[in-house]
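Enquirer: Compute the structure for the input listed below.
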Amino acid sequence: MRLQSEHAVRVKDKIIGGATPLVCLPLVAGDRQELLDQARDLIKLSPDLLEWRVDGFNDAKNSDAVIKALTDLNHKIGSIPLIFTCRIDKEEGMQKISPETRLDLITASMETGCLDIVDIELCNDIGFIQTVIDCARQNSVKVILSFHDFRKTPGENVILEQLVRAQDLGADIAKVAAMPKNYNDVLVLMSATLKARTGMLKIPIVTIAMGEQGVVTRIAGGIFGSDITFAIGKNSSAPGQISIRQLRQAMSVLYP
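Expert: Numbers count the residues shown, from 1 in each chain. Take a look at the predicted model:
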């Protein structure tokens, strides 16, 4: 049996941190119609979660356009929980959006009741983070606090520090994604995940080694304590993602 989170998170009918890691598919679309078309196709693949990468939306700086698309998306996906992510440009966001615009967009979107989880980065200033967490609590939205390094894999102590900091700041879920330069880096990430799960964190964890060498973490990360993995539905949102069909086939051996 895999290591489970002490404080599992329920979103709709899904348990994050429970007996089985969940599979999330990203929605990466330039406009509203493409977003809805993607959602229609991804629903057929039965993902546990969907993540809308709002930073890939052409009108991401227009809160009215985003909220219109979000409302329509919510109706389209029904009972599938939705992660709302407007990734900051310094962590590979697809466009540069000012902190003020991002904050207004994120809080306004949470107030619609059309999303279940919001993902923001630990590199944001503390006021930004606290405002998002306060708004999330008021609107029954769960918060992922995330750290990404697309150039390297930090040392184990740094990974653990980021995960613990996320928990200490009030995250419901702590996330670290890093780029390995070799397979030892993959082991570093998984070792940190295991240590976090067995003694340092009570909340669900998401840890991912990106790129080709990190694919094993997308399949087997749940054994070490990672609670969500990401696959490709239509478009990839990070290097190293594989198709949901391949991922589920491989995971079925580990989580029968």
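Enquirer: and residue 241, what pLDDT?
Expert: pLDDT, the model's per-residue confidence, is 74 for residue 241.
Enquirer: Make sure it is indeed in a strand.
Expert: No: applying DSSP: H, G, I helix; E, B strand; the rest coil, one finds residue 241 to be coil, outside a strand.
Enquirer: Give the next helix or strand downstream of the helix or strand where residue 24 lies.
Expert: Residue 24 is part of strand 22-27, with elements assigned from DSSP states H and E. Tracing the chain C-terminally past strand 22-27 and defining elements by DSSP H and E, one meets helix 32-43 next.
Enquirer: Could you check the angle that next one makes with strand 22-27?
Expert: Using axes from the mean of the first three to the mean of the last three C-alpha atoms, to 10 degrees, the interaxial angle of helix 32-43 with respect to strand 22-27 works out to 150 degrees.
Enquirer: quick one: contacts of helix 32-43?
Expert: 25, 27-29, 50, 52, 57, 65, 68-69, 72-73, 76-78, 80, 233-235 (C-beta atoms under 8 Å, 6 or more residues apart in numbering). Quick note: C-beta positions are derived from backbone N, CA and C, even for glycine.
Enquirer: Mind checking which of these are in helices?
Expert: Counting by DSSP state H, the part of the contacts of helix 32-43 found in helices is 65, 68-69, 72-73, 76-77.
Enquirer: May I see the PyMOL selection of the buried members of the residues you listed?
Expert: Buried residues within the ones in helices among the contacts of helix 32-43, as defined by 16 or more other C-beta atoms under 10 Å, are selected in PyMOL through the command that follows:
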select buried, resi 69+72+73+76+77
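Enquirer: Kindly indicate which of the ones in helices among the contacts of helix 32-43 lies nearest residue 97.
Expert: Nearest to residue 97 among the ones in helices among the contacts of helix 32-43, counting by C-beta to C-beta, is residue 65 at 13.3 Å.
Enquirer: So which other helices or strands are in contact with the host helix or strand of residue 248?
Expert: Secondary structure assignment for residue 248, by DSSP H and E: helix 244-254. Packed against helix 244-254, as judged by 3 or more C-beta pairs under 8 Å, 6 or more residues apart in numbering; DSSP states H and E, are the following elements: strand 22-27, helix 215-224.
Enquirer: okay, the angle between the shortest one and helix 215-224?
Expert: If you take the same axes, to 10 degrees, strand 22-27 sits at 140 degrees to helix 215-224.
Enquirer: Quickly run through the sheet partners of strand 22-27, with directions.
Expert: For strand 22-27, the pairing partners within the sheet under DSSP bridges are strand 49-53 (parallel), strand 228-230 (parallel).
Enquirer: Packed most tightly, which of the ones you listed would that be?
Expert: By mean neighbour count, with neighbours taken as mean count of other C-beta atoms under 10 Å, strand 228-230 ranks first of these at a mean of 26.
Enquirer: All set, thanks.
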